[in-house]
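Asks: Sequence and predicted structure below; questions after.
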There are 2 protein chains.
Amino acid sequence: MKIGELAKIAKCTVETIRYYEKVGLLAASSRDNINNYRHYNKSHLERLTFVRHCRALAMSHEEILVLLQARNQPEQKCDSINQLIDDHLQHVSVRIKELQNLEAQLLTLRQQCQTPTSSEHCGILQDLELAIDDSGNNTKLSHVTGSH
Amino acid sequence: MKIGELAKIAKCTVETIRYYEKVGLLAASSRDNINNYRHYNKSHLERLTFVRHCRALAMSHEEILVLLQARNQPEQKCDSINQLIDDHLQHVSVRIKELQNLEAQLLTLRQQCQTPTSSEHCGILQDLELAIDDSGNNTKLSHVTGSH
DNA sequence: TAAACACCCTGAAGCGGCTTCAGGGTCAAG
DNA sequence: CTTGACCCTGAAGCCGCTTCAGGGTGTTTA
């Protein structure tokens, strides 16, 4: 099948597929001799599905490469896979907690201005001027990212 | 004060300050005639604190610019500020829900392999091969991002 | 048969919010 | 006069794509 068809089945864009090939998440496909179009088969689809599935779980390319490698070495033990998923779960739950903190702070902030007034006296702006004392808590958000 | 001192007080790096100046979150400071070093005063510090505070709340530069503008027009009504915070809160809570979904899926996945075996029979890898049927739910993560 | 349109190709640049690097200049202390 | 802490600039790198510029191919329709 051609790239457009693969993209449709895998529910991603043609560009994403070409990108995955470039960065090695997908093996380079065979090419049509005449027009140089890429041609894919079932195993490409399976691998792409695997990758997309991992991405839907917010795994990084690095993490996915580890899983792909494990997939290619069926005789090995799968402890490392479990470890990877556990670590990833850890990332996600840390991120959730951070965002919940953020949400609480934002709610507090929002309550500083219940009755809209002039910016000059807006409690929100006033609050943002002052540093909240989270001394040492150098609020860096961790690495499970999102896209728009 | 010089940039290093400002960075220390504002708890960010020197590079971040220079970057903020470049993208317009911070006004360009005055410079020392002799050595071209940047020189900051209290109002720079206040503005930087404001910006860092907004960033700690995961606001985008675009959002922060809106707030900075409001800060500079004290006579205007602050409805737009409230709206911005409300919208931002909305982003954050959407993101939290997405991540909680993710967490649930990862937990389910993790349970496919309670007793480590060979990769060949690892339930996790097997599950990742199959597309979870979230038909149409084209799991894109929304835009409140995090860093490492 | 030609034009229109859908699909394919490549390489480079853009996104956000920084961080890092390369390659320098400045300044105070010993 | 050298060491080391600080300052400067501009460009590139990070991630996971998306978008753009500029073109070729292949099928359908007027």
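Replies: All right, it came through fine.
Asks: Residue A:55 and residue A:64 touch, don't they?
Replies: Yes - shown here, residue A:55 and residue A:64 form a contact pair, counting by Cβ atoms under 8 Å, at 7.2 Å. In short, each C-beta sits where N, CA and C put it, glycine included.
Asks: What ranges does chain A have for its helices?
Replies: For chain A, the helices defined by DSSP state H occupy A:3-10, A:14-23, A:42-56, A:61-71, A:79-110, A:123-129.
Asks: and the angle from the fourth one to helix A:42-56?
Replies: Going back to what we said before, that points to helix A:61-71. Interaxial angle, helix A:61-71 versus helix A:42-56 (axes from the mean of the first three to the mean of the last three Cα atoms, to 10 degrees): 140 degrees.
Asks: again with the first one
Replies: Note on geometry: by the same axes, to 10 degrees, helix A:3-10 and helix A:42-56 are set 50 degrees apart in direction.
Asks: contact partners of helix A:3-10?
Replies: Contacting residues not belonging to helix A:3-10 are listed as A:1, A:13-14, A:16-18, A:37-38, A:40, A:44-45, A:48-49, A:52 [Cβ atoms under 8 Å, 6 or more residues apart in numbering or on different chains].
Asks: So which residues on chain A come close to DNA strand D?
Replies: Residues of chain A found near DNA strand D (Cβ under 7 Å from any atom of the strand) are A:12-13, A:15-16, A:19, A:32, A:34-35, A:55, A:60-62, A:145, A:147.
Asks: Include pLDDT and neighbour count when you put the residues you listed into JSON lines, please.
Replies: Below are the residues of chain A next to DNA strand D laid out as JSON lines (pLDDT from 0 to 100; neighbours: other Cβ atoms under 10 Å in any protein chain shown):
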{"residue": "A:12", "pLDDT": "96", "neighbour count": "19"}
{"residue": "A:13", "pLDDT": "96", "neighbour count": "13"}
{"residue": "A:15", "pLDDT": "97", "neighbour count": "10"}
{"residue": "A:16", "pLDDT": "97", "neighbour count": "18"}
{"residue": "A:19", "pLDDT": "97", "neighbour count": "13"}
{"residue": "A:32", "pLDDT": "95", "neighbour count": "11"}
{"residue": "A:34", "pLDDT": "93", "neighbour count": "6"}
{"residue": "A:35", "pLDDT": "95", "neighbour count": "6"}
{"residue": "A:55", "pLDDT": "93", "neighbour count": "19"}
{"residue": "A:60", "pLDDT": "95", "neighbour count": "15"}
{"residue": "A:61", "pLDDT": "95", "neighbour count": "15"}
{"residue": "A:62", "pLDDT": "94", "neighbour count": "8"}
{"residue": "A:145", "pLDDT": "63", "neighbour count": "16"}
{"residue": "A:147", "pLDDT": "43", "neighbour count": "8"}
